[in-house]
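# My questions concern the predicted model and sequence given below.
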Amino acid sequence: MTNHSETTGPSDSGGIPRPEQPSRKALTSYEGPGDEHQVTLRTPAELADALPYLLGYRPEDSIVLAALRDREGRGRFGGRARLGIPASPDDWACAAGQLVHGLVTGGERRGVRPEQMVAYLCQEPARGETGRDVMERLRPLAQRLRVECGTLDVPVVEALCISAGRFWSYCCDDEACCPAEGLPMGLPGTSVLAAAATYAGIQVRGSLSDLRARLQPGESAVADEQTAALDTAAKTLVARILDPEGRSEVARETLETAERVMRRLAGAPPVSGMPAEDLRDDHLLGHHEAAALILGLQDRTTRDRAAGWMEGDEAGPALRLWRALARRCVGPYGEHAAAPLTLAGWVAWSTGDELEAREALAMALGADSDYLFARLLHQACNEGLDPESIRRCLRAEREDRGGAEASGPDDGERTGATGSRRSAEPSPAPRPQSGRRRRTRSLGSAESTRRRAKPQNREPRPDDGRPRTPSRAERSGAGRTGRTCSRTPGKPAEGGGE
């Protein structure tokens, strides 16, 4: 599965006394949710220490921009955006333009255009490199960011490189302030800012790798067993999904299995720590159960009904299930992770965790860049929209299905985590892609089954305001906004909302 690298932090978590001119002495300050919790950031060292609190995690191999804006004569941190550092320097100009323009235009759409910018480059040394080598190697990228910001009349008041436990400033050449050998970063959690953030309830949830580990397969001896289970399930489920009658049965079985596993997860004893929680959940999900759920969720209608487990007592077990399924999309089934990752991102966003939502949705697009549901949710989350409008739509559909069953459904199918009875009407049967022969009975060998295991659903749905899978003609441009870079496919720049 593609290790997607775009995510952002909280949208608006700090206030700063704004200087009249870019200044080296009193750059910024940081506030918690209440204005009474204010910490003034006067030096590059304090700005470097603030980065994990701006994002909610410690970035790795990242370009980060933090916008500064004026509010009632005081400056505040505004939107934040992060993008992975492209491996090739040839891609740096495109990546810098994509990130800067995305953050600035996103702020303009919300009526809070950034007025200044702080830039961070975070990367650990490669073998044989030092932190200073990293700083010098990334200097052209820092300069590109400053030029891109300048073209939009948004000056960069500070640009920092953080590497090997030290930091350097690209904007200050004063040896007394920013020596050539760099300055050491403070110990995590020991600064005045860390104390203020803790008091204000702001948490740093480890590194970006820690967040991703919950959502992607790791190196495990059971990967072969899970692949074999997926191969076995694909031989029967794909043919049934392609059949109109069998599709309804697969939908019912998928949702009933998901309900059963969610009840199992909800009843599991608590453990301490995210790795222990995920390991517990993995042990509670069998390989064949996971395979059936992963393949069943490739059907759009089934996935949309599963998205209804988004709040209340259902949300927690559902999010744990979607994470566990994403971790089971091993080997040749990496693209199948788009469905559970999108569901995980949706539930996280619905329950107020924008950090995990953005990362999960970005990873879903990394698994399948044409997955429209993920693209639309990703854009909406980044633009700071309220998920309640989507929740209302899903609630209404759930109530409609319940009402239809109460009046006497033909099939009496039972779906939903609460155990209520609702019909599971199949969506139109999927069409095969052009140039391929449609097969509904024999799927051949396990290797050919892997290539066909993800059924394509390209039928349009009524225009009811809900995300739909694009037609083949729409796939090339649906949901794409802003500048794109042909050298860095699958990496849309993100910007935190205001």
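Ah, there it is. In this text, all values refer to a predicted model and were calculated from it rather than measured experimentally. Numbering: from 1, shown residues only.
# what about the longest helix in this protein?
Criterion DSSP state H: the longest helix present in the chain is helix 244-266.
# Mind checking what helix or strand follows that one in sequence?
Using DSSP states H and E, the helix or strand that follows helix 244-266 towards the C-terminus is helix 274-283.
# What helices and strands are in contact with the next helix-or-strand element following that next one?
Counting by DSSP H and E, the next helix or strand C-terminal to helix 274-283 is helix 287-296. When contacts are defined as 3 or more Cβ pairs under 8 Å, 6 or more residues apart in numbering; DSSP states H and E, helix 287-296 packs onto helix 223-242, helix 244-266, helix 312-327. Bear in mind the C-beta positions are built from the backbone N, C-alpha and C, glycine included.
# which parts of the first one are buried?
Neighbour counts using 16 or more other Cβ atoms under 10 Å place 226-227, 229-235, 237-242 of helix 223-242 among the buried residues.
# And these, which is closest to residue 55?
residue 226 (32.3 Å; Cβ to Cβ).
# so the closest one touches residue 334, yeah?
No - using Cβ atoms under 8 Å as the test, residue 226 is too far from residue 334 to be in contact (12.0 Å).
# Tell me how many other residues crowd residue 314.
Residue 314 sits with 18 neighbouring residues when counted by other Cβ atoms under 10 Å.
# Just the pLDDT for it.
As predicted, residue 314 sits at a pLDDT of 96.
# beta partners of residue 159?
residue 119 (DSSP bridges).
# Next up, the contacts around it.
118-121, 142, 145-146, 169-171 (Cβ atoms under 8 Å, 6 or more residues apart in numbering).
# Quick check: the farthest pair among the buried residues of helix 223-242?
Farthest pair in the buried residues of helix 223-242, by Cβ to Cβ: 226 and 242, 23.3 Å.
# what about residue 388, distance to residue 339?
Separation of residue 388 from residue 339 (Cβ to Cβ, to the nearest Å) stands at 23 Å.
# Tell me which of the two has more neighbours.
residue 339 (31 against 10).
# and that one, that one's in a strand?
No - counting by DSSP: H, G, I helix; E, B strand; the rest coil, residue 339 is not found in a strand; it is helix.
# Test my guess that it contacts residue 301.
No - if you go by Cβ under 8 Å, residue 339 and residue 301 don't touch, sitting 12.0 Å apart.
# Would you verify that residue 66 is located in a helix?
No - going by three-state DSSP, the assignment for residue 66 is strand, not a helix.
# Which residues does it form beta bridges with?
residue 80, residue 118.
# Output the below-cut-off pLDDT ranges for the chain.
Scanning the chain with the threshold set as pLDDT under 70 gives 1-42, 70-75, 187-203, 405-498.
# ok, and for stretch 252-271, which residues are buried?
For stretch 252-271, by 16+ other Cβ under 10 Å, it's 252-259, 261-262, 265.
# Save these as a markdown table, and put in distance to residue 210 too.
Converted to a markdown table, these look like this (distance: Cβ to Cβ, whole Å):
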| residue | distance to residue 210 |
| --- | --- |
| 252 | 37 |
| 253 | 35 |
| 254 | 30 |
| 255 | 31 |
| 256 | 33 |
| 257 | 29 |
| 258 | 26 |
| 259 | 30 |
| 261 | 24 |
| 262 | 25 |
| 265 | 21 |
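# need the strands for the stretch 101-250 of the chain, in chain order.
116-122, 156-163, 166-169, 183-184 (DSSP state E, counting those that start in this stretch).
# Reformat the ones you listed as JSON lines; add distance to residue 284.
Output for the strands of the stretch 101-250 of the chain, formatted as JSON lines (distance: least, Cβ to Cβ, whole Å):
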{"stretch": "strand 116-122", "distance to residue 284": "36"}
{"stretch": "strand 156-163", "distance to residue 284": "39"}
{"stretch": "strand 166-169", "distance to residue 284": "43"}
{"stretch": "strand 183-184", "distance to residue 284": "44"}
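# Residue 274: neighbour count?
Residue 274: 14 neighbours (other Cβ under 10 Å).
# mind checking how far it is from residue 285?
From residue 274 to residue 285 the distance is 17 Å (Cβ to Cβ).
# Tell me, how many residues neighbour the nearest residue to residue 227 once chain neighbours are set aside?
Distances taken as Cβ to Cβ, 6 or more residues apart in numbering put residue 331 closest to residue 227, at 4.7 Å, once the chain neighbours are dropped. Neighbourhood size, residue 331 [other Cβ under 10 Å]: 15.
# Correct me if wrong: residue 331 contacts residue 223.
Yes - between residue 331 and residue 223 a contact is recorded at 6.4 Å, counting by Cβ under 8 Å.
# Now do the helices in the stretch 1-150 of the chain.
With DSSP state H, counting those that start in this stretch, the ranges of helices along the stretch 1-150 of the chain come out as 44-55, 92-109, 131-137, 139-151.
# Rebuild these as CSV, extending it with distance to residue 218 and mean neighbour count.
Shown next, in CSV, are the helices of the stretch 1-150 of the chain (distance: least, Cβ to Cβ, whole Å; neighbours: other Cβ atoms under 10 Å):
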stretch, distance to residue 218, mean neighbour count
helix 44-55, 23, 23
helix 92-109, 28, 22
helix 131-137, 27, 18
helix 139-151, 30, 19
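# Which stretch among the ones you listed approaches residue 67 most closely?
helix 92-109 (6.0 Å).
# That closest one versus strand 156-163: what angle between them?
Orientation of helix 92-109 against strand 156-163 (axes from the mean of the first three to the mean of the last three Cα atoms, to 10 degrees) gives an angle of 130 degrees.
# Report the backbone C-alpha coordinates of helix 92-109 in CSV.
Provided in CSV are the C-alpha atoms of helix 92-109 (Å, rounded to 0.1, in the frame of the first residue of the first chain):
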residue,chain,number,x,y,z
TRP,A,92,11.0,20.6,-5.2
ALA,A,93,9.8,23.6,-7.2
CYS,A,94,6.5,21.9,-8.0
ALA,A,95,6.0,20.7,-4.5
ALA,A,96,6.7,24.2,-3.0
GLY,A,97,4.3,25.8,-5.4
GLN,A,98,1.6,23.2,-4.7
LEU,A,99,1.9,23.6,-0.9
VAL,A,100,2.1,27.4,-0.8
HIS,A,101,-0.7,28.0,-3.3
GLY,A,102,-2.9,25.4,-1.6
LEU,A,103,-2.5,27.0,1.8
VAL,A,104,-2.9,30.6,0.6
THR,A,105,-5.9,30.0,-1.7
GLY,A,106,-7.5,27.8,0.9
GLY,A,107,-7.3,30.6,3.4
GLU,A,108,-8.7,33.0,0.8
ARG,A,109,-11.7,30.8,0.3
